[in-house]
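Student: Show me the folded form of this:
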Amino acid sequence: MLRETIRALAETKIAPFAAEVDEEGRFPQEALDALVASDLHAVHVPEEYGGAGADALATVIVIEEVARACASSSLIPAVNKLGSLPVILSGSEELKAKYLGPLAKGDAMFSYALSEPDAGSDAAGMKTKAVRDGDFWVLNGVKRWITNAGVSEFYTVMAVTDPAKRSKGISAFVVEKSDEGVSFGAPEKKLGIKGSPTREVYFDNVRIPADRMIGEEGTGFATAMKTLDHTRITIAAQALGIAQGALDYAKGYVQERKQFGKPIADFQGIQFMLADMAMKLEAARQLTYSAAAKSERVDGDLTFFGAAAKCFASDVAMEVTTDAVQLLGGYGYTRDYPVERMMRDAKITQIYEGTNQVQRIVMARNLP
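Tutor: You can find the predicted model right below:
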């Protein structure tokens, strides 16, 4: 029922704007409005803070179905979870009450600020600093590749509070867009997900109350990594949706397109391609849903399964979307058809929230 509801919403309120959002590189406001109106913009927020209280699998299904229509729009529910999960996992009750309520209501979006110009895969090498000043912390530094930056009101920011301790000297904070000293770089010019702004975030003597620290001092990096164990599964979900959208379109196209006097769907070479696409996509879906169940239970092997789901689903999405372009031939290579957009959108799922090379390192270190 959830899938039917979100699919109907995505097809009527989100899909019609997907090409325009990509072409113009603009934020998908129509999608945000539709998701907020249906209470599907941040379904993961627990009921006690005014949220829908959806479990990890339900959240995955929402993201998957939105991504099937528009990958950029699927980053609304996905990044709202990524940005707010550190607060849910490690924040004080006061912090949860203050920030999860507006998120659940749709009054604010939440972003996640971990990466820096010189700290990508090596996130522990970050340079953004937070210095204690009485009842305040003062932040200075820059974060890069921040999804939905400038649109989101709230940011979970990782900063160094004790440089001598490397990863154990990193703490997490909630920073608000309106805090004095917060500013944003120009939107990145990207290959795909053009409707989701990606910008640098600058902190210039940003002074925030000490009670905005998430968890204890020095626990920020551990919280960041724990968060990714759960949210990598949402990127797997996004990859599934993109791949499903491409497969669905290609399947319809080959039944209509005629060559040599019959639909190209009648040719075995085409049938084998479609069979492989569907088989790999279903394998990715089962792995992703299994990982979502482990996320909900916080199983001991979650780290492996989260990395495996993200890595496998995103590799499958890249393969399936590339094959979808191939199945449409010359038409697939044009912007008149949606599969080239899906192929461009799929690429980032192999890169963000940890490249697939890093996922393989994570898996190897956490073999079940």
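Student: Look up how far residue 38 lies from the nearest residue to residue 18 once chain neighbours are set aside.
Tutor: In space, and not counting its chain neighbours, residue 18 is closest to residue 70: 3.8 Å by C-beta to C-beta, 6 or more residues apart in numbering. (Glycine included, C-beta is placed from N, CA and C.) To residue 38, residue 70 is 15 Å away according to C-beta to C-beta, to the nearest Å.
Student: okay, these two: which has more neighbours?
Tutor: Counting neighbours by other C-beta atoms under 10 Å for residue 70 and for residue 38 shows that residue 70 has the greater number, 32 against 16.
Student: Look at that one and report its pLDDT.
Tutor: Listed pLDDT for residue 70 reads 98.
Student: and it, what are its phi and psi?
Tutor: phi -160, psi 110 (degrees, to the nearest 10).
Student: is it true that it touches residue 16?
Tutor: No - contact criterion C-beta atoms under 8 Å: residue 70 and residue 16 do not qualify, at 9.5 Å.
Student: Can you verify residue 291 is assigned to a strand?
Tutor: No - counting by DSSP: H, G, I helix; E, B strand; the rest coil, residue 291 is not part of a strand but helix.
Student: Residue 67: how many residues sit nearby?
Tutor: When neighbours are counted by other C-beta under 10 Å, residue 67 registers 34.
Student: how about it, what does it touch?
Tutor: By C-beta atoms under 8 Å, 6 or more residues apart in numbering, the contact list for residue 67 reads 73, 74, 237, 238, 239, 240, 241, 242, 245.
Student: which residue sits closest to it, ignoring its sequence neighbours?
Tutor: Of all residues not flanking residue 67 in the chain, residue 241 sits nearest, at 2.7 Å (C-beta to C-beta, 6+ apart).
Student: Which strand or helix spans the one you found?
Tutor: Using DSSP states H and E, residue 241 falls within helix 220-256.
Student: Output stretch 353-365 as PDB, nothing but the C-alphas.
Tutor: Extracted as PDB, the C-alpha positions of stretch 353-365 are listed here (Å, rounded to 0.1, in the frame of the first residue of the first chain):
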ATOM      1  CA  GLU A 353      28.400   8.400   1.000                       C
ATOM      2  CA  GLY A 354      31.600   6.600   0.400                       C
ATOM      3  CA  THR A 355      33.000   5.600  -3.100                       C
ATOM      4  CA  ASN A 356      32.400   2.000  -4.000                       C
ATOM      5  CA  GLN A 357      36.100   1.400  -3.600                       C
ATOM      6  CA  VAL A 358      35.800   2.600   0.000                       C
ATOM      7  CA  GLN A 359      32.700   0.300   0.400                       C
ATOM      8  CA  ARG A 360      34.800  -2.600  -0.600                       C
ATOM      9  CA  ILE A 361      37.400  -1.700   2.100                       C
ATOM     10  CA  VAL A 362      34.500  -1.500   4.600                       C
ATOM     11  CA  MET A 363      33.200  -4.900   3.500                       C
ATOM     12  CA  ALA A 364      36.600  -6.500   3.700                       C
ATOM     13  CA  ARG A 365      37.100  -5.200   7.300                       C
END
